[in-house]
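Chemist: Quick one, structure for this:
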Amino acid sequence: MSLHHSTRILLAGAALCGLSAQAFALDGADLLKKINASYAAGGAAITADTIEVNGEDVVLKGVKFGMAKEAETPLKLDELTLQGVTEEDGGAYYIERVDFPEVNVTEEKSTFSVSDLYLAGIYVPGSEKAEGINSLMFYEEAHSGPVKVTVDGKPVFSMGEATGTMSLSDDEKTISFEGSATGVNADLSTVEDPKSKEAIEALGLKTLDGNLNMSGSWEVETGTIDVEDYSIDFANVGKLSMSFGISGYTLDLVKQMQEQARTMQAQPENQQAQQAAGLAMLGLVQQLSLIDAKIRFEDAGITKRGLDYAGKSQGTDGAQMGQMVKGMVPLLLAQAKLGALQNEVSTAVNTYIDNPKALTIVAAPANPVAFPMIMGAAMGAPETIPALIGVKVTAND
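Modeler: Okay, here's the model as predicted:
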């Protein structure tokens with residue numbers, strides 16, 4: 001093969017590669033448009049002065065985050081890089097990672113800072129007409145590093161780290177989610193109101209140190225949400241845990257609720273429109289049904305300190321205050337008309353006051369109960385609620 005012929009082949013190959021690169025280059029403007037189409041459901045909008053494509057990265061410059069229909073000052077970023085962008089079937093996009101710059105905000109005497117913010121594994125729907133899970137924009141991981149808030153130079157709140165993950169089942173019908181926040185610390189010693197300061201000191205709440213956790217799943221097609229754990233645990237205070245299951249939270253319902261939210265955002269000063277949208281939202285919520293629910297508090301010292309403080313304010317001690325509470329509970333329950341549940345609650349409260357360990361409330365109906373039935377019972381016949389949703393109250397179990 002002659003050198004002249006080889007050169008012509010190489011040049012032709014280079015031209016073909018160039019044409020192919022142009023043909024399959026990422027469309028940054030289309031990506032931003034589709035991101036906004038998903039964000040628009042919540043009334044948010046992202047704009048950029050310029051959009052550049054560098055291989056598989058899309059660089060947005062002069063970025064502004066704000067509400068699409070409100071005059072609030074948007075959050076501004078000089079530059080934001082969407083890394084590892086690939087186009088999927090149906091015009092959808094997948095973004096490997098987005099790192100956000102460190103945030104430092106100062107307003108009057110307060111400062112707020114957060115670092116190591118990023119999103120990873122972001123799926124952007126290809127069309128507003130997409131159905132099922134393909135119509136949702138979601139991420140595989142969200143992360144926040146240290147958060148710090150100061151007032152007058154004194155730290156009042158901090159958080160070590162927060163993470164959130166979402167995963168799609170193999171049959172692409174269920175989204176599972178988990179989240180946690182560790183090293184959550186609040187300093188209440190700076191509170192100046194004398195009465196509040198006295199209560200904070202008596203209850204041992206000058207500093208709060210704890211963690212938050214959440215996990216659950218959402219079956220998108222059936223609209224079943226199962227929150228397995230939503231807990232807040234503070235040292236020397238206690239752990240509050242919640243779990244619940246509801247049905248009827250379908251994509252169609254989500255879209256209707258988002259539409260009502262947009263209506264309310266579009267006319268914030270129009271009271272008639274706000275009331276009408278609020279009633280419509282209430283009507284939408286009535287499509288939900290309760291499967292089960294559980295609330296549990298595990299004491300770590302706050303109950304005794306609370307009784308001691310309440311007793312002191314009444315001129316007595318914590319033990320006597322506990323006896324007073326045990327005597328008042330049946331009277332209050334009689335007014336609530338809880339029927340047979342009254343004795344069960346009284347027994348649980350007495351047990352807990354005598355030896356504060358844990359108090360648990362469970363709702364476990366034999367079959368899912370529609371929210372309208374629960375609301376109707378609450379207004380017309382509250383004594384039927386315990387049997388309707390299968391309420392049980394226990395202590396120290």
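
Chemist: from here on, contacts and neighbour counts on C-alpha atoms
Modeler: Noted.

Chemist: low-scoring pLDDT stretches of the chain, where are they?
Modeler: 1-25, 40-43, 67-72, 265-268 (pLDDT under 70).

Chemist: Do you have the helices of it handy? List them.
Modeler: 3-23, 28-39, 194-202, 251-266, 271-285, 302-313, 318-336, 341-354, 371-380, 385-389 (DSSP state H).

Chemist: Would you format those as TSV with distance to residue 137 and mean neighbour count included?
Modeler: Shown next, in TSV, are these (distance: least, Cα to Cα, whole Å; neighbours: other Cα atoms under 10 Å):
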stretch	distance to residue 137	mean neighbour count
helix 3-23	26	11
helix 28-39	6	18
helix 194-202	43	13
helix 251-266	13	17
helix 271-285	23	15
helix 302-313	42	18
helix 318-336	45	15
helix 341-354	44	18
helix 371-380	28	14
helix 385-389	35	20
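
Chemist: Rebuild the ones you listed as CSV, extending it with distance to residue 100.
Modeler: As requested, these are exported to CSV (distance: least, Cα to Cα, whole Å):
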stretch, distance to residue 100
helix 3-23, 29
helix 28-39, 16
helix 194-202, 37
helix 251-266, 26
helix 271-285, 34
helix 302-313, 39
helix 318-336, 51
helix 341-354, 47
helix 371-380, 41
helix 385-389, 45
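
Chemist: Show me the one of these that comes nearest residue 118.
Modeler: helix 28-39 (16.3 Å; Cα to Cα).

Chemist: ok, residues contacting that closest one?
Modeler: Defining contact as Cα atoms under 8 Å, 6 or more residues apart in numbering, one finds that helix 28-39 is touched by 44-46, 51-53, 58, 93, 124-128, 136-137.

Chemist: Restricted to buried residues, select these in ChimeraX.
Modeler: Selection of buried members from the contacts of helix 28-39 for ChimeraX, criterion 16 or more other Cα atoms under 10 Å:
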select :44,45,46,51,53,58,93,124,125,126,127,136,137
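
Chemist: and of the contacts of helix 28-39, the nearest to residue 26?
Modeler: residue 53 (6.7 Å).

Chemist: ok, residue 263 touching residue 278?
Modeler: No: counting by Cα atoms under 8 Å, residue 263 sits too far from residue 278 to count as a contact (9.8 Å).

Chemist: what do those two both touch?
Modeler: Joint contacts of residue 263 and residue 278 (Cα under 8 Å, 6+ apart) do not exist.

Chemist: Can you report how many residues lie near residue 171?
Modeler: Neighbourhood size, residue 171 [other Cα atoms under 10 Å]: 6.

Chemist: what do you get for the one 10 residues further on?
Modeler: For residue 181, the number of neighbouring residues by other Cα under 10 Å comes to 20.

Chemist: That one and residue 172, how far apart?
Modeler: To residue 172, residue 181 is 28 Å away according to Cα to Cα, to the nearest Å.

Chemist: quick one on the thing from earlier: of all the contacts of helix 28-39, which two lie farthest apart?
Modeler: 52 and 136 (25.5 Å).

Chemist: Residue 86 against residue 56, yeah?
Modeler: Yes: using Cα under 8 Å, residue 86 is in contact with residue 56, at 6.8 Å.

Chemist: Now do the contacts for residue 284.
Modeler: So residue 284 contacts 253, 256-257 (Cα under 8 Å, 6+ apart).

Chemist: can you list the residues you listed in a markdown table and add distance to residue 342?
Modeler: Converted to a markdown table, the contacts of residue 284 look like this (distance: Cα to Cα, whole Å):
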| residue | distance to residue 342 |
| --- | --- |
| 253 | 37 |
| 256 | 39 |
| 257 | 37 |
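
Chemist: what about stretch 378-387, how long is it end to end?
Modeler: Per Cα to Cα, the first residue of stretch 378-387 is 12 Å away from its last.

Chemist: What are the contacting residues of that stretch?
Modeler: 336-339, 341, 365, 374, 377, 391-392.

Chemist: 6 Å instead?
Modeler: Around stretch 378-387, the neighbours that count as contacts under Cα atoms under 6 Å, 6 or more residues apart in numbering are 337-339.

Chemist: ok, now stretch 122-134?
Modeler: Taking Cα under 6 Å, 6+ apart as the rule, stretch 122-134 contacts 90-95, 135, 137-139.

Chemist: Repeat that for stretch 327-344.
Modeler: Contacts for stretch 327-344 (Cα under 6 Å, 6+ apart): residue 383.

Chemist: Please tell me how far the residue lying closest to residue 372 once chain neighbours are set aside sits from residue 381.
Modeler: Once flanking residues are discounted, residue 372 sits nearest to residue 286: 5.5 Å by Cα to Cα, 6 or more residues apart in numbering. Per Cα to Cα, residue 286 is found 18 Å from residue 381.

Chemist: do the same with residue 363
Modeler: 17 Å.

Chemist: who's more crowded, those two?
Modeler: More neighbours surround residue 363 than the other of residue 363 and residue 381, with 21 against 13 (other Cα under 10 Å).

Chemist: Report the beta-bridge partners for the more buried one.
Modeler: Residue 363 has these beta-bridge partners by DSSP bridges: residue 293, residue 391.

Chemist: Now do the same contact list for it.
Modeler: Residue 363 sits next to 292-293, 389-391 when contact means Cα under 6 Å, 6+ apart.

Chemist: Let's see that with 10 Å instead.
Modeler: 244, 290-295, 385-393 (Cα atoms under 10 Å, 6 or more residues apart in numbering).

Chemist: distance between the ends of stretch 130-140?
Modeler: End to end - Cα to Cα - stretch 130-140 spans 20 Å.

Chemist: again with stretch 156-175
Modeler: Terminal-residue distance, stretch 156-175 (Cα to Cα): 36 Å.

Chemist: Just checking the distance from that stretch to the centre of its chain.
Modeler: On the basis of Cα atoms, centre = their mean, to the nearest Å, stretch 156-175 sits 10 Å off its chain's mean C-alpha point.
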